[in-house]
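Q: Here is a sequence together with a model predicted from it:
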Amino acid sequence: MTLLSFHDVHALYGQARILNGVSFEIAAGERVALVGRNGVGKTTVVNTLCGVTRIERGHVEIRGEEVRDLRRYTAAKNGISVVLQGRGIIGNLTVEENLLLGTATRRRGPWTLESIKALFPILEERKASPGLALSGGQQQMLAIGRALMANPDLLILDEPSEGLAPVIVDELADLLVRLGDQGMGILLIEQSVGLIRRVAERFYVLSKGAVAASGSLAEIQAEDFHKHITI
Amino acid sequence: MTALSQGDVPAASSPLLKTRGLLAMALAALLLGVAAPRLVSSQLMLSLATQAIFDALLATSVGFLVLQNGRVSFGQAAFFGLGGYAFGVLVARGLMAAELAVLTALALPTLVAFLLGLVFARIAGVAHAMLTLAVGQAFYEIAFRWRELAKGDDGMAFNLPPRIFGFDSSLLQDPSVMVVVAWTILVLALLGLALFANSRMGQIAAAVRDNAERARFIGHDTTIPPAIVYAISALLAAIAGLLQATYNGYIAPQMFHWSLSGSALIMAVVGGAQFILGPAIGAVCFFILKDFAGRFAEYWPAIVGSVLVIVTLVMPQGIVGLLKAGWFRMRRQA
């Protein structure tokens, strides 16, 4: 089943058009990457889904149904968790309190406080620490843990490798593959070649606010691929 | 996730232990309050202590807004005055039983604050401060100009009915009784606020304060939790106003004035608005300082102001912040 699809979406920041007809789709259990250079509109895709940017033309479907009134909470209420760039940890709340915030939608599923702590033991050890007292990698785990607490069908991660040590990026890749294998859709918005190669099964290459190429790694011309993701 | 397991790990305290600790401290404080009239024989001292506790309640209500919502209010006196006026006017006119008047005096400001909070929660910074100031002063102007309500700027004295909730009401105007009542309410209020701050609703409000956009993305409502904080904060202010009106048997427009809100804010900042206990401690210190300076100088506000400037510069996190930092330093050295 298709969880999320964009159909010829044109989106604006104020008067500036950032997306010029983006179309893509992701189904349950798929691991898909949106790749592209800085400024091509990758984050705008997330912002459009969350109602931050205004759709001028085209539409978004969640589970095959068009959603007209996209709001900040639309994704969360529809079983889509978003790990934004910068992680959005609430610094004054403890690790455990940050995790519990993720249960806003009260969706039931395999992910609970206990299972998240089993997945990331460091979060159990540091459960009483303020969120901002964690290292970058630990904060990323906390952000992912909080997103999983919502028991989503689709997990969207915007530049999750940003600021992380290579060893942590490797561990993150393993985790995302495992989540995908368990049936969760993964939409990875990323520039790190290492991470997207290890995680994604399909790619959408964005350029100038539109999809320039798509398909599996074998289907996309290597030249195209590297041209569009070189920073 | 081995690489993620590095780093210093502080000792974790369980929520149950935390709650037990709070309850134990509250119990000790309540016992201290009950013993106070036996330890202090001076009626003047008890009366001053009673007034300081009223101030502490108001300062706590202002500090709670800063702590939970990250908002500075210059209009908290509106709810203080509303609590006092609702009770005073209803009792003086015999419109309802005193018990019902008490409930009305607490419910009305709470409801008004909740409704205003739905709007205030969307506004931040200077605009929020100015809006609260304007709303507070609007209440002041109504009380000041509407003579038929409670004799306008003259204020209005009123008599309590002989019994309230089955108790002799004259006891509520006896400092040795009121100090215990007010202290008990303050301790229970502080305990309630601490429990709220640790509750799910309190954590959501804190998340909205720190990053409302992020909280919305996660799927939380970002209006209701802050509005509930406004309501709780107003309830505290209303309790203070109700107690003061009952104790003095008198209400006046000054109960609504912005300068009262300003004083409460100063108390909160001096004590440490980032801590639940801070504003109450700030209020007591402010009260003592004001009383001390008033004995020696005609222009005592200048002395109080100078001390406040120094305190704010030296202790940006207030008295409680300084004590906490000192405590951690001692523990590290030990």
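A: All right, it came through fine.

Q: Using PDB, list the CA coordinates for stretch B:277-285.
A: The C-alpha coordinates for stretch B:277-285 follow below in PDB (Å, rounded to 0.1, in the frame of the first residue of the first chain):
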ATOM      1  CA  LEU B 277      10.100  27.500  45.100                       C
ATOM      2  CA  GLY B 278      12.000  30.600  43.900                       C
ATOM      3  CA  PRO B 279       9.200  33.200  43.700                       C
ATOM      4  CA  ALA B 280       7.900  32.400  47.200                       C
ATOM      5  CA  ILE B 281      11.400  32.800  48.600                       C
ATOM      6  CA  GLY B 282      11.900  36.000  46.600                       C
ATOM      7  CA  ALA B 283       8.600  37.300  48.000                       C
ATOM      8  CA  VAL B 284       9.700  36.700  51.600                       C
ATOM      9  CA  CYS B 285      13.100  38.300  51.000                       C
END
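
Q: quick one: buried residues of the host helix or strand of residue B:62?
A: Using DSSP states H and E, residue B:62 falls within helix B:43-69. Using 16 or more other Cβ atoms under 10 Å in any protein chain shown as the test for burial, helix B:43-69 gives B:46-69. Where C-beta positions appear, they are placed from N, C-alpha and C, glycine not excepted.

Q: Please identify the helix or strand for the nearest residue to residue A:209 once chain neighbours are set aside.
A: Using Cβ to Cβ, 6 or more residues apart in numbering or on different chains and skipping residues adjacent in sequence, the residue nearest residue A:209 is residue A:20, 4.0 Å away. Using DSSP H and E, residue A:20 maps to strand A:16-27.

Q: on that earlier part again, helix or strand right after the helix holding residue B:62?
A: Following helix B:43-69 in sequence order, the next helix or strand is helix B:77-92 (DSSP H and E).

Q: so where's chain A uncertain?
A: For chain A, the stretches with pLDDT under 70 are A:221-231.

Q: wait, what's in contact with the closest residue to chain B within it?
A: Closest residue of chain A to chain B, Cβ to the nearest Cβ: residue A:76 (3.1 Å). Neighbouring residues of residue A:76 by Cβ atoms under 8 Å, 6 or more residues apart in numbering or on different chains: A:82, A:104-105, A:150, B:217-219.

Q: can you do 10 Å?
A: A:50, A:82, A:102, A:104-105, A:107, A:147, A:150, A:152, B:216-220 (Cβ atoms under 10 Å, 6 or more residues apart in numbering or on different chains).

Q: swap in residue B:53?
A: Residues in contact with residue B:53 (Cβ under 10 Å, 6+ apart) are B:33, B:178-187, B:240, B:243, B:280, B:283-284, B:287.

Q: now do residue B:152
A: Here residue B:152 is in contact with B:142-146, B:252-253 (Cβ under 10 Å, 6+ apart).

Q: repeat that for 6 Å
A: Going by Cβ atoms under 6 Å, 6 or more residues apart in numbering or on different chains, residue B:152 touches residue B:144.

Q: Tell me the residues of chain A that contact chain B?
A: Contact residues (Cβ under 6 Å from any Cβ of the partner chain) of chain A with chain B: A:50, A:72-73, A:76-77, A:82, A:88, A:90, A:92-93, A:97, A:101, A:104-105, A:120, A:122, A:125, A:127-129, A:137-138, A:141, A:167-168, A:171.

Q: ok, the residue nearest to residue B:170 when sequence neighbours are not counted - how many residues close by?
A: In this structure, residue B:170 finds its nearest non-sequential neighbour in residue B:160, 7.3 Å apart by Cβ to Cβ, 6+ apart. When neighbours are counted by other Cβ atoms under 10 Å in any protein chain shown, residue B:160 registers 21.

Q: just checking, residue B:160 touches residue B:168?
A: No: contact criterion Cβ atoms under 6 Å: residue B:160 and residue B:168 do not qualify, at 9.7 Å.

Q: For residue 213, pull up the helix or strand it's in.
A: Going with chain A. Residue A:213 belongs to strand A:210-215 when assigned by DSSP H and E.

Q: I was after chain B.
A: Using DSSP H and E, residue B:213 falls in helix B:200-218.

Q: Which strands and helices lie in contact with that helix?
A: Using 3 or more Cβ pairs under 6 Å, 6 or more residues apart in numbering or on different chains; DSSP states H and E, the elements in contact with helix B:200-218 are helix A:95-101, helix B:224-248.

Q: would you turn those into TSV with distance to residue B:23 and mean neighbour count?
A: Compiled in TSV, those are given as follows (distance: least, Cβ to Cβ, whole Å; neighbours: other Cβ atoms under 10 Å in any protein chain shown):
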stretch	distance to residue B:23	mean neighbour count
helix A:95-101	21	24
helix B:224-248	19	26
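
Q: Relative to residue A:154, how far out is the residue in the stretch 201-334 of chain B positioned nearest to chain A?
A: Distance from chain A to each residue of the stretch 201-334 of chain B (Cβ to the nearest Cβ) is smallest for residue B:219, at 3.1 Å. Relative to residue A:154, residue B:219 is positioned 14 Å away (criterion: Cβ to Cβ, to the nearest Å).

Q: swap in residue B:310?
A: Applying Cβ to Cβ, the value for residue B:310 to residue A:154 is 56 Å.

Q: ok, the two, which is more surrounded?
A: More neighbours surround residue A:154 than the other of residue B:310 and residue A:154, with 24 against 10 (other Cβ under 10 Å).

Q: I figured residue B:143 hits residue B:254, correct?
A: No: the criterion here is Cβ under 6 Å, and residue B:143 misses it with residue B:254 at 8.9 Å.

Q: quick one, which of these two is more surrounded?
A: residue B:143 (28 against 15).

Q: what's the following helix or strand after the helix or strand containing that one?
A: Per DSSP H and E, residue B:143 falls inside helix B:125-145. Per DSSP H and E, helix B:125-145 leads on to helix B:147-150 as the next helix or strand towards the C-terminus.

Q: quick check, distance from stretch A:144-163 to the centre of its chain.
A: 6 Å (Cα atoms, centre = their mean, to the nearest Å).

Q: Give me the contacts around it.
A: A:3-4, A:43, A:46, A:79-85, A:98-99, A:102-103, A:105, A:107, A:109, A:111, A:116, A:120, A:123, A:136, A:169, A:184-189, A:192, A:195.

Q: helix, strand or coil for the residue of chain A closest to chain B?
A: Of the three states, residue A:76 takes helix according to DSSP: H, G, I helix; E, B strand; the rest coil.
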